[in-house]
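Student: Any chance you can model this:
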Amino acid sequence: MSSLIIFGIVACLLGLCLCRWPRRMRLRYRLPVLILAVTAGAASIQLSAWLEPYRSLAQFETLATVTLTRQAPQQWLLTLEQPGADVEQYPIAGDQWRLDARIIRLNAWFQALGISPVYQFDRLGGRYRNTGDELSQPRTVYDLADDRPWSLWTLASQYRLPFIDGVYGSGLFMPASDGAIYEVKLGSSGLAATAVNDPAREALGAWLREK
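Tutor: Alright, predicted model coming up:
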């Protein structure tokens, strides 16, 4: 998001410089130009602050790697690795793991500045294969979102913002297996997970045969 900050600073400086050139601008145009430049600069810096909790993404880029370690029946230690972030571990319960994300697509103007759609992981947890277990067994869910006051997600969900093409949630769930490793990516229809090693591929194959 550094390009937005740079644009905002340049816009503010440009407005101040133009207002110091009386020969090139009539006096009556100085104040409107200054207001416009400062407003554009401030808006760019504010938008950069709104986008700061989010990560930029490209289609089919690996967003995270998930590794599962069995602790007990229907009990797992999930390790979540994200590029540029600390490795985190979460105990989860169930037969499957689940990950949800918030995705914000900016309009073409921001794409021209090299700003891709942005995302933020929302929730992580376990999921039972059997509905009865889901209702009766312990459930685990973790809040991963950075919910700041007046967050961009909240504003974009409630109001039509001109610089945003769309906001939507996307989620996936995959079978848990000891030693299984998955890569989470963004596909054309939302989040998608790829089985990386044999334990993950075997668990996925068995799960698909059950379905």
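Student: Run a quick neighbour tally on the nearest residue to Arg98 once chain neighbours are set aside.
Tutor: Closest residue to Arg98 apart from its sequence neighbours, by Cβ to Cβ, 6 or more residues apart in numbering: Phe173 at 4.1 Å. C-beta coordinates here come from the backbone N, C-alpha and C atoms, glycine included. Residues within reach of Phe173, counting by other Cβ atoms under 10 Å, total 18.
Student: Phe173: helix or strand, and which one exactly?
Tutor: Assessed by DSSP states H and E, Phe173 sits inside strand 164-175.
Student: Then Leu208?
Tutor: helix 198-210.
Student: and for that helix, what are the contacting residues?
Tutor: Outside helix 198-210, the residues that touch it by Cβ atoms under 8 Å, 6 or more residues apart in numbering are 174-182, 195.
Student: Would you mind giving those residues as CSV with distance to Ala203, pLDDT and neighbour count added?
Tutor: Output for the contacts of helix 198-210, formatted as CSV (distance: Cβ to Cβ, whole Å; pLDDT from 0 to 100; neighbours: other Cβ atoms under 10 Å):
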residue, distance to Ala203, pLDDT, neighbour count
Met174, 8, 97, 23
Pro175, 4, 97, 23
Ala176, 7, 97, 28
Ser177, 4, 97, 24
Asp178, 9, 97, 11
Gly179, 10, 97, 13
Ala180, 6, 98, 25
Ile181, 11, 98, 19
Tyr182, 10, 98, 27
Ala195, 8, 96, 19
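Student: Output the residues you listed in JSON lines, with distance to Ile104 appended to each entry.
Tutor: Listed next are these as JSON lines, based on distance: Cβ to Cβ, whole Å:
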{"residue": "Met174", "distance to Ile104": "24"}
{"residue": "Pro175", "distance to Ile104": "30"}
{"residue": "Ala176", "distance to Ile104": "30"}
{"residue": "Ser177", "distance to Ile104": "33"}
{"residue": "Asp178", "distance to Ile104": "36"}
{"residue": "Gly179", "distance to Ile104": "35"}
{"residue": "Ala180", "distance to Ile104": "30"}
{"residue": "Ile181", "distance to Ile104": "28"}
{"residue": "Tyr182", "distance to Ile104": "24"}
{"residue": "Ala195", "distance to Ile104": "28"}
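Student: closest to Pro91 among these?
Tutor: Using Cβ to Cβ, Ala176 comes nearest to Pro91 of the contacts of helix 198-210, at 11.9 Å.
Student: That closest one contacts Trp76, doesn't it?
Tutor: Yes: with contact defined as Cβ atoms under 8 Å, Ala176 counts as touching Trp76 (5.1 Å).
Student: Mutual contacts of these two, please.
Tutor: 68, 70, 92, 94, 97, 126.
Student: need the next SSE after the strand or helix carrying the third one, C-terminal direction.
Tutor: To tie it back to what came earlier, the one meant is Ile92. Secondary structure assignment for Ile92, by DSSP H and E: strand 88-93. Sequence-wise, the next helix or strand downstream of strand 88-93 (DSSP H and E) is strand 96-106.
Student: Buried residues of stretch 84-101, list them for me.
Tutor: Buried residues in stretch 84-101, counting neighbours by 16 or more other Cβ atoms under 10 Å, are found at 90, 92-101.
Student: make that stretch 133-143, sorry
Tutor: The neighbour-count check on stretch 133-143 (16+ other Cβ under 10 Å) flags 133, 140 as buried.
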